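Enquirer: A structural model of the following input is requested.
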Amino acid sequence: MLSESIVYHLEKFLSEKIISSVRMSGGDINDVYMLSTTKGKVIVKINIASLFPEMFAAEAKGLKELKSSNTFRVPEILGFDTIDNTSFLLLEYINTGQPSGDFWTVFGEKLALLHQQSSPCFGLSIDNYIGSLPQFNARHHTAEQFYIQQRLHPQFELAATNGFLFSGLDQFYKCIEDEIPKEPASLIHGDLWSGNFIVGNGGIPCLIDPAVAFAPREMDISMMLLFGGFDSELFRVYDEVFPFSHNWRERLSIWQLYYLLVHLNIFGSSYYDSVKNVLNKYS
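Expert: Take a look at the predicted model:
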């Protein structure tokens, strides 16, 4: 339940009276509520500021990057702030609906267009989060440098701190360098599993909860295929609009390694063997 203090500050921020609040499911890191106000519905995400510093500022930045691509609909940012040790992010409430008949076709087209948004360097102007973990975005000129230094290396260091040790990493990095295609950096969602899209009113795909960067586009594809939930029509259409690089399927495990490490560091040992299997494949 929202505290009286938070309700007071949210009403002051919105210049609206909050009539009721309903806690939403699926918030593993943040408490998420749908607020009914005198002017309509909004979403508020709340967390402990000291545990996740600048998380909502980073999420707002990611949503703005996605919106600027003119591809997917994303929630409008209504504002964010910190009160005492509580941070909040206010977002547009998007009415949900049933998928249109061409939902996956549209999804594939929009994802291809999103990935065609590029940058001279891999990275982002700020660091952000993937789930509850910091995600680092220092800029690099090549995909392999960015992926190894800003994605894999920090996660392996955190895994070691958590008691999960892996040997032969330098050799592994050398092995995958030549496997990574020489493609320009793409604007990616960064955490594109089935829980991070919704079907908006009118049956269109909408993206939420991004972990945005200009990064190898195959990272999004690999995450989508790691846990499933996306129709094959999406990938067929994507390939028509923005053809995959040669042997992309053979590289999926390279990119999925990052997401497996994230899950290892958040959820624990059940992901250890999956990480080990990827390392063994390239050793």
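Enquirer: all contacts plus neighbour counts: C-alpha atoms, from now on.
Expert: Will do.
Enquirer: can you give me the helices for the stretch 151-283 of the chain?
Expert: 153-161, 169-177, 218-227, 232-241, 252-267, 272-281 (DSSP state H, counting those that start in this stretch).
Enquirer: who wins for proximity to Ser87 among those helices?
Expert: Nearest of these to Ser87, taken as Cα to Cα: helix 252-267 at 21.4 Å.
Enquirer: buried ones in the closest one, by neighbour count?
Expert: Going by neighbour count (16 or more other Cα atoms under 10 Å), the buried part of helix 252-267 is 252-265.
Enquirer: now stretch 161-179
Expert: In stretch 161-179, counting by 16+ other Cα under 10 Å, buried: 172-173, 176.
Enquirer: hmm, back to that, turn the buried residues of helix 252-267 into JSON lines, columns for pLDDT.
Expert: Shown next, in JSON lines, are the buried residues of helix 252-267 (pLDDT from 0 to 100):
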{"residue": "Leu252", "pLDDT": "98"}
{"residue": "Ser253", "pLDDT": "98"}
{"residue": "Ile254", "pLDDT": "98"}
{"residue": "Trp255", "pLDDT": "98"}
{"residue": "Gln256", "pLDDT": "98"}
{"residue": "Leu257", "pLDDT": "98"}
{"residue": "Tyr258", "pLDDT": "98"}
{"residue": "Tyr259", "pLDDT": "98"}
{"residue": "Leu260", "pLDDT": "98"}
{"residue": "Leu261", "pLDDT": "98"}
{"residue": "Val262", "pLDDT": "98"}
{"residue": "His263", "pLDDT": "98"}
{"residue": "Leu264", "pLDDT": "98"}
{"residue": "Asn265", "pLDDT": "98"}
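Enquirer: quick one: which two of those are the most distant?
Expert: Distance extremes for those: the farthest pair is Leu252 and Asn265 at 20.3 Å, using Cα to Cα.
Enquirer: rewinding a little: figure out which of the helices of the stretch 151-283 of the chain is closest to Pro184.
Expert: Closest to Pro184 of those, according to Cα to Cα: helix 218-227, at 11.5 Å.
Enquirer: got the angle between the closest one and helix 252-267?
Expert: For helix 218-227 against helix 252-267, the angle by axes from the mean of the first three to the mean of the last three Cα atoms, to 10 degrees is 70 degrees.
Enquirer: elements contacting helix 218-227?
Expert: Applying 3 or more Cα pairs under 8 Å, 6 or more residues apart in numbering; DSSP states H and E, one finds that helix 218-227 contacts helix 252-267.
Enquirer: between the helix it packs on and helix 169-177, how many degrees?
Expert: 140 degrees.
Enquirer: what sits up against helix 252-267?
Expert: 130, 132-133, 151-152, 155-156, 158-159, 162, 176, 218-219, 222-223, 226, 270-272, 274-275, 278 (Cα atoms under 8 Å, 6 or more residues apart in numbering).
Enquirer: centre of the chain to it, how far?
Expert: Here the centre of helix 252-267 is set off from its chain's centre by 13 Å, with Cα atoms, centre = their mean, to the nearest Å.
Enquirer: now do it against helix 272-281, angle only.
Expert: Relative orientation of helix 252-267 versus helix 272-281 (the same axes, to 10 degrees): 150 degrees.
Enquirer: using PDB, write down the CA coordinates of helix 252-267.
Expert: The C-alpha trace of helix 252-267 is given here as PDB (Å, rounded to 0.1, in the frame of the first residue of the first chain):
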ATOM      1  CA  LEU A 252      23.000 -17.000 -30.300                       C
ATOM      2  CA  SER A 253      24.700 -18.600 -27.400                       C
ATOM      3  CA  ILE A 254      27.500 -15.900 -27.400                       C
ATOM      4  CA  TRP A 255      24.900 -13.200 -26.800                       C
ATOM      5  CA  GLN A 256      22.700 -15.300 -24.500                       C
ATOM      6  CA  LEU A 257      25.700 -15.700 -22.200                       C
ATOM      7  CA  TYR A 258      25.200 -12.200 -21.000                       C
ATOM      8  CA  TYR A 259      21.600 -12.800 -20.100                       C
ATOM      9  CA  LEU A 260      22.400 -16.100 -18.400                       C
ATOM     10  CA  LEU A 261      25.100 -14.400 -16.300                       C
ATOM     11  CA  VAL A 262      22.600 -11.700 -15.300                       C
ATOM     12  CA  HIS A 263      20.200 -14.500 -14.200                       C
ATOM     13  CA  LEU A 264      23.000 -16.300 -12.400                       C
ATOM     14  CA  ASN A 265      23.800 -13.100 -10.500                       C
ATOM     15  CA  ILE A 266      20.200 -12.400  -9.600                       C
ATOM     16  CA  PHE A 267      18.700 -15.800  -9.100                       C
END
